[in-house]
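Enquirer: any chance you can model this:
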Amino acid sequence: MASPKAFTISRSDLKGPAGSVTLITGGAAGIGLQTALLLHELSPTNKLILLDRQKPKADQAPKAFIDSDRVLSLQCDITDWASQRDAFEAGVKHFGALDNVFVNAGIGEYKDQFFKDELDSNGKLKEPDRRVYDVDLSAANDTLKLAVYYMRHRKDGKKGGNVVMVASLAGYLASAGAPLYSAAKHAIVGLMRALKNDTATLDIAVSVVAPGITLTDIIAGRDPSESLADWAKRMRAHGVPINDPGEVATTVAWLFNQGMGANGKGMLVQAGKVADLEEGIARNRKVWMGAEMLDLFRGGRTAPLFPNKL
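Expert: Now for the predicted structure:
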């Protein structure tokens, strides 16, 4: 059975998107900012709505971008429903439309929630810290909900839009050192799979980008005095494929430009190469399900188990 083919996406090959309004959560740094910079550069008709706790810093983005009337930076706490909802509303009102949403904001694993036990003031086991789920799953779910809402209720005469969510290689293979992060990213992949058929009827493409290790501030395991560049050099010497945030940004822009062709894709990004994992998984169902189980599944897939909500 065929496996997904890895390929490269060159920035020089990108012909779009153009004339679009894109909202990016976590747009002030890392992958989110690099995606915004790329889209801003790709076309003088592209407009950006950046949601973050802070605005892009002058040492990370050129002044022409920060001062651009095509960029609206809104301070927002994505873990607060009202804050994120109001930011969406302000952005759509400002530019009059919403074509693309990049569900990007996230954090890495926070401490050891399973094997390091903390006790409360009564000497009983303290409730685990759920901030990884709060940001990487619950807030991302809210972003997706808002994206679908505004794309369903467009007032510019157009239909649909394109949503790309950040999963991770850990959302497919998991990471033993990051169980909550891995679980949250598996859930992002599951959301895309469960919604893609329904969103397609609304002309909304939903896909995920699944980066391997990428040089952003959420990288864990560095020595306190070690720069990202030095850490990357050390890891590459051990054979670890490392992404630059710009390589992930290029994949996101490519997905936006695919229109409905992006629906259901799960693009793994490693060391400048990309491959559609969802295509490979679908093609090889008989291998991982087994022929008998696959036939049983197919025999009942047309039964009206779940009514269409749309």
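
Enquirer: from now on I want contacts and neighbour counts done on CA atoms only, so please keep to that.
Expert: OK.

Enquirer: my guess is Gly26 contacts Gly32. True?
Expert: Yes - taking contacts as CA atoms under 8 Å, Gly26 lies within contact range of Gly32: 5.6 Å.

Enquirer: quick check: neighbours shared by these two?
Expert: Contact criterion CA atoms under 8 Å, 6 or more residues apart in numbering; residues shared by Gly26 and Gly32: 104-105.

Enquirer: ok, Pro211 - contacts?
Expert: Contacts for Pro211 (CA under 8 Å, 6+ apart) come out as 166-169, 243, 248, 267-270.

Enquirer: next one: it relative to Gly96, how far apart?
Expert: Using CA to CA, to the nearest Å, Pro211 is found at 32 Å from Gly96.

Enquirer: one more: Asp134?
Expert: From Asp134 across to Gly96, the span is 30 Å (CA to CA).

Enquirer: just Gln75 next, same as before
Expert: Per CA to CA, Gln75 is found 19 Å from Gly96.

Enquirer: give the next helix or strand downstream of the worst-scoring helix or strand of the chain on mean pLDDT.
Expert: Here the helix or strand of the chain ranked lowest by mean pLDDT, DSSP states H and E is helix 228-237, holding a mean of 74. Toward the C-terminus, helix 228-237 is succeeded by helix 245-257 as the next helix or strand (DSSP states H and E).

Enquirer: list the contacts of that following helix.
Expert: 9-11, 14-17, 30-32, 34-35, 38-39, 100, 102, 162-164, 207, 209, 211, 214-216, 262, 267, 269, 272, 274.

Enquirer: kindly report the same for stretch 127-141.
Expert: Stretch 127-141 has contacts (CA under 8 Å, 6+ apart) with 78-81, 103-110, 113, 180-181, 184-185, 187-188.

Enquirer: so which of these sit within helices?
Expert: Members of the contacts of stretch 127-141 lying in helices (criterion: DSSP state H): 81, 180-181, 184-185, 187-188.

Enquirer: what's the closest of these to Ala303?
Expert: Nearest to Ala303 among those, counting by CA to CA, is Ala187 at 25.2 Å.

Enquirer: so what's that closest one closest to, chain neighbours aside?
Expert: Leu137 (7.1 Å; CA to CA, 6 or more residues apart in numbering).

Enquirer: swap in Ser73?
Expert: Leaving out its chain neighbours, the residue that sits closest to Ser73 by CA to CA, 6+ apart is Leu50, at 4.7 Å.

Enquirer: doesn't Leu72 make contact with that neighbour?
Expert: Yes - Leu50 is in contact with Leu72 according to CA under 8 Å; the separation is 6.1 Å.

Enquirer: okay, these two: which has more neighbours?
Expert: Leu50 (29 against 20; other CA atoms under 10 Å).

Enquirer: ok, that one - contacts?
Expert: Taking CA under 8 Å, 6+ apart, we find Leu50 in contact with 23-28, 36, 71-74.

Enquirer: same list (those residues) but as CSV, adding secondary structure.
Expert: Formatted as CSV, the contacts of Leu50 follow (DSSP: H, G, I helix; E, B strand; the rest coil):
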residue, secondary structure
Leu23, strand
Ile24, strand
Thr25, strand
Gly26, coil
Gly27, coil
Ala28, coil
Ala36, helix
Val71, strand
Leu72, strand
Ser73, strand
Leu74, strand
